[in-house]
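Undergrad: please find the sequence and the predicted model below.
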Number of protein chains: 2
Amino acid sequence: MHTLLILAARRAGEYRDLIDAARLPDLAIVTAATVADAAPHAGADLVLGEPSLVATVLPKMPGVRWVQSTWAGVEPPLEPALRRDYVLTNACGVFGPLMTEFVVGYMLAHERRILEKHASQQAGRWDPTPPGTLRGKTMGLIGVGSIGAALARTAKHFGMRVKGYTRTSEDCRDVDAYFHGDDRLAFAAGLDYLVSIAPNTAGTRRLVDAALLAALPPRAVFINPGRGSIVDEPALAEALAAGRLAGAVLDVFEQEPLPPDHIFWRTPNVLITSHTAALSFPADIAPVFIENYKRWIAGEPLRCRVDFERGY
Amino acid sequence: MHTLLILAARRAGEYRDLIDAARLPDLAIVTAATVADAAPHAGADLVLGEPSLVATVLPKMPGVRWVQSTWAGVEPPLEPALRRDYVLTNACGVFGPLMTEFVVGYMLAHERRILEKHASQQAGRWDPTPPGTLRGKTMGLIGVGSIGAALARTAKHFGMRVKGYTRTSEDCRDVDAYFHGDDRLAFAAGLDYLVSIAPNTAGTRRLVDAALLAALPPRAVFINPGRGSIVDEPALAEALAAGRLAGAVLDVFEQEPLPPDHIFWRTPNVLITSHTAALSFPADIAPVFIENYKRWIAGEPLRCRVDFERGY
């Protein structure tokens, strides 16, 4: 018999219903919305939960053998001081379509001048300014995992060229050219769109700095639904204010919610989307747990396993 | 020897350069930006031009045997009083990608709440309102020619369901269900997006009327990059004002530019895009002429031939 603790601030009940409906064998389920609620269930051997909460309860749950994160990014339990004697899996293969809709939606909004047309309309002005097109444009992806692959496939569907910047991998056939390590300025050259979907690791921290921003053409738009830590925020604000970059669509930040006095609220051509690019919906995440639970009891390797050293 | 009159208000020179570069045999080219400019070239046997200008010069050019339109819609030369003793071809197969970017751009803008997020940002407000997704939504297409097929293919790429309303054709495999004639209310039922890309013909006039609008769910958004004549404009304004429809993205109107006192300027949840959904760029249209000219001199059937009776 296994005991699963579902630890989620708002939607623990929804997760429980979805997992109950799968009628998994040998599984008891308990739920908690807070760390305090979780205390009576310290004997559970499995956890499905939000990484920030999970990281706090882990030290008090010595019997935990497997944690399924409800998010793609799992920074909190990766803190070096925390235990690593369990299997950690994240929500992989889920966010590709949502992230793709976010990125393509904002690329098309830029090309079609959706905000500018709306401003013209509010001024009562018929505005025949011609739109641009994604066809023939170049997108540069920082990070090409399952999300990047979904995005690259859609970019090719719209006739775009795709460049990829990765640690070492080169296995997505929709990427036309790969770059690694010191090649980041060559990667940035000629991009119409720079999109970061990389995890927060030592290798990605401040990758989008003044030098990389200077290597982008002034027509480029930076779209960041990944992690705020990848950007040198003051350098980005400066490049936008100086018109050295056409725009930025920012979903994630060093500090969230973005503080009221942050320069991005006053930086021209910034769009702030308040960390909504790809939300974790129980209907998407529960199947990842269910599939992995079947593998767990069958003794098979789990999907979406996180490498504690690599950080994703 | 053939003589081609290029008749285009602004871009005749651009067309000439593109066609010159193709080094077509036995072809002399003359250009005109206005009907008056065209008078000295009344002896031309071929015309490439804007349908509104072409319709005016046709009666004075008895030697014309083939007209290639630079637009997809060719209403002016279809006037019943005008001659029909020549071959008329339109700009087909060109606007699919542009129209698709327009429609998908506005569908994603709706799902991702791009205008609402922007308004929150302008108010300095962090706005974590969850977005929607195209996945699982249903799009209904009025008109499934080459543009509709391109749009249907992209809708399937995003995981949408596609319903098609056509005169008789059922040959696009990306359409999940077809409707014709009197079935228009069954077609409208359950749609998240109603998209009209139908030509202006007797059969499409006022097709989107109060009855069809009432058959749409209140969550539906109407997107019209086709022809203004398909809509009963007062009925649409009333449905939007009453909240019986979530929104409308209107590129075309009965009268363009939209008159300053038109109700749509004050109707809630209308977006006006000023007839820019799919512009005719010489780089896209010239190849259609070049391909057809090669067929013309070889005595082969031309592509994109318009049926005068059918109207497209």
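TA: Thanks, I have the structure now.

Undergrad: does the helix or strand hosting A:Thr100 come close to chain B?
TA: Assigned by DSSP states H and E, A:Thr100 falls within helix A:96-111. Yes - using Cβ under 8 Å from any Cβ of the partner chain, we find that helix A:96-111 touches chain B at A:Pro97, A:Leu98, A:Glu101, A:Phe102, A:Val104, A:Gly105, A:Tyr106, A:Leu108, A:Ala109, A:Glu111. C-betas here are computed from N, CA, C, even on glycine.

Undergrad: what is that helix packed up against?
TA: Secondary-structure packing of helix A:96-111 (3 or more Cβ pairs under 8 Å, 6 or more residues apart in numbering or on different chains; DSSP states H and E): helix A:146-157, strand A:193-196, strand A:221-224, helix B:96-111, helix B:114-122.

Undergrad: just the angle between the first one and helix A:96-111, please?
TA: For the pair helix A:146-157 and helix A:96-111, the angle between their directions (axes from the mean of the first three to the mean of the last three Cα atoms, to 10 degrees) equals 50 degrees.

Undergrad: and for the fourth one?
TA: Relative orientation of helix B:96-111 versus helix A:96-111 (the same axes, to 10 degrees): 110 degrees.

Undergrad: what residues does the stretch 51-200 of chain A have near chain B?
TA: A:97-98, A:101-102, A:104-106, A:108-109, A:111-112, A:114-115, A:117-118, A:120-121, A:124, A:126-131, A:133-135, A:154, A:157-159.

Undergrad: which of those count as buried?
TA: A:97-98, A:101-102, A:104-106, A:108-109, A:111-112, A:114-115, A:117-118, A:120-121, A:126-127, A:131, A:133-134, A:154, A:157-158 (16 or more other Cβ atoms under 10 Å in any protein chain shown).

Undergrad: so what's the residue lying closest to A:Leu98 once chain neighbours are set aside up against?
TA: Nearest non-adjacent residue to A:Leu98, counting by Cβ to Cβ, 6 or more residues apart in numbering or on different chains: A:Ala278, 4.1 Å away. Going by Cβ atoms under 8 Å, 6 or more residues apart in numbering or on different chains, A:Ala278 touches A:Ala72, A:Phe95, A:Leu98, A:Met99, A:Phe102, A:Ile147, A:Pro225.

Undergrad: again, only this time at 10 Å
TA: Contacts for A:Ala278 (Cβ atoms under 10 Å, 6 or more residues apart in numbering or on different chains) come out as A:71-72, A:91, A:94-102, A:147, A:197, A:225, A:251, A:284, B:131, B:133.

Undergrad: look up which helix or strand it falls in, please.
TA: Here A:Ala278 is assigned to no helix or strand, by DSSP H and E.

Undergrad: against A:Leu185, how distant is A:Tyr178?
TA: 15 Å (Cβ to Cβ, to the nearest Å).

Undergrad: equivalent analysis for A:Glu254, please.
TA: 23 Å.

Undergrad: do the same with A:Glu256
TA: 29 Å.

Undergrad: that older thread, so which of A:Tyr178 and A:Leu185 has more stuff around it?
TA: A:Tyr178 (19 against 13; other Cβ atoms under 10 Å in any protein chain shown).

Undergrad: show me how far the helix or strand where the more buried one lies is from its chain's centre.
TA: If you go by DSSP H and E, A:Tyr178 is part of strand A:177-179. Taking Cα atoms, centre = their mean, to the nearest Å, one finds the center of strand A:177-179 at 21 Å from the center of the full chain.

Undergrad: which SSE is immediately downstream of that strand?
TA: By DSSP H and E, the next helix or strand past strand A:177-179 is helix A:184-188.

Undergrad: starting at the chain centroid, how far to that next one?
TA: Distance, centroid of helix A:184-188 to centroid of chain: 22 Å (Cα atoms, centre = their mean).

Undergrad: just stretch A:39-52 next, same as before
TA: 23 Å.

Undergrad: stretch A:83-90 now?
TA: 20 Å.

Undergrad: please apply the same query to stretch A:151-164.
TA: With Cα atoms, centre = their mean, you get 18 Å for stretch A:151-164.

Undergrad: what distance do you get for the nearest residue in space to A:Gly63 that is not next to it in sequence to chain B?
TA: Spatially, and ignoring its direct neighbours in sequence, A:Gly63 is nearest to A:Asp45 (5.1 Å; Cβ to Cβ, 6+ apart). Distance from A:Asp45 to chain B, counting by Cβ to the nearest Cβ, to the nearest Å: 32 Å.

Undergrad: A:Ile6 belongs to a strand?
TA: Yes - A:Ile6: assigned to a strand according to DSSP: H, G, I helix; E, B strand; the rest coil.

Undergrad: touching, it and A:Thr70? I think so.
TA: Yes - the criterion here is Cβ atoms under 10 Å, and A:Ile6 meets it with A:Thr70 at 9.1 Å.

Undergrad: sec struct for the residue in the stretch 201-312 of chain A that chain B sits nearest to, please.
TA: Nearest to chain B, among the residues of the stretch 201-312 of chain A, is A:Pro257, at 3.9 Å (Cβ to the nearest Cβ). Under three-state DSSP, A:Pro257 falls in the coil class.

Undergrad: how many neighbours does it have?
TA: Neighbours of A:Pro257 (other Cβ under 10 Å): 14.

Undergrad: contacting residues for it?
TA: By Cβ under 10 Å, 6+ apart, the neighbours of A:Pro257 are A:Ile272, A:Ser274, A:His275, B:Arg125, B:Trp126, B:Asp127, B:Pro128.

Undergrad: recalculate using a threshold of 8 Å.
TA: A:Ser274, B:Trp126, B:Pro128.

Undergrad: and the first one, how far is that from A:Pro287?
TA: From A:Ser274 across to A:Pro287, the span is 27 Å (Cβ to Cβ).

Undergrad: secondary structure element holding the closest residue to A:Gly243 other than its chain neighbours?
TA: Closest residue in space to A:Gly243, ignoring its immediate chain neighbours: A:Pro218 at 6.7 Å, by Cβ to Cβ, 6+ apart. According to DSSP H and E, A:Pro218 maps onto no helix or strand at all.

Undergrad: can you pull the pLDDT of A:Pro218?
TA: At A:Pro218, the model reports a pLDDT of 98.

Undergrad: gap between the residue sitting nearest the centre point of chain A and A:Leu134?
TA: Closest residue to the average C-alpha location of chain A: A:Gly226 at 4.1 Å, with Cα atoms, centre = their mean. Distance of A:Gly226 to A:Leu134, computed by Cβ to Cβ: 20 Å.

Undergrad: over to A:Leu216?
TA: Separation of A:Leu216 from A:Leu134 (Cβ to Cβ): 17 Å.

Undergrad: try A:Ala242
TA: Between A:Ala242 and A:Leu134 the computed distance is 26 Å (Cβ to Cβ).

Undergrad: the closest residue to A:Leu7 other than its chain neighbours bridge partners, please.
TA: Distances taken as Cβ to Cβ, 6+ apart put A:Gly49 closest to A:Leu7, at 3.3 Å, once the chain neighbours are dropped. Note on A:Gly49: beta-bridge partners by DSSP bridges are A:Leu7, A:Ser69.

Undergrad: tally of neighbours for A:Gly49?
TA: 26.

Undergrad: what of A:Ala32?
TA: For A:Ala32, the number of neighbouring residues by other Cβ under 10 Å comes to 22.

Undergrad: now do the closest residue to it other than its chain neighbours against A:Val64, distance only.
TA: Spatial nearest neighbour of A:Ala32, chain neighbours left out: A:Ala38 (4.0 Å); criterion: Cβ to Cβ, 6+ apart. Distance of A:Ala38 to A:Val64, given as Cβ to Cβ: 11 Å.

Undergrad: these two: which has the busier surroundings?
TA: A:Ala38 (24 against 21).

Undergrad: spell out which helix or strand contains the more buried one, please.
TA: Assigned by DSSP H and E, A:Ala38 belongs to helix A:35-38.

Undergrad: quick one, strands of the stretch 201-312 of chain A?
TA: A:221-224, A:247-250, A:270-272 (DSSP state E, counting those that start in this stretch).

Undergrad: low-confidence stretches in chain A?
TA: Scanning chain A for pLDDT under 70 picks out nothing.
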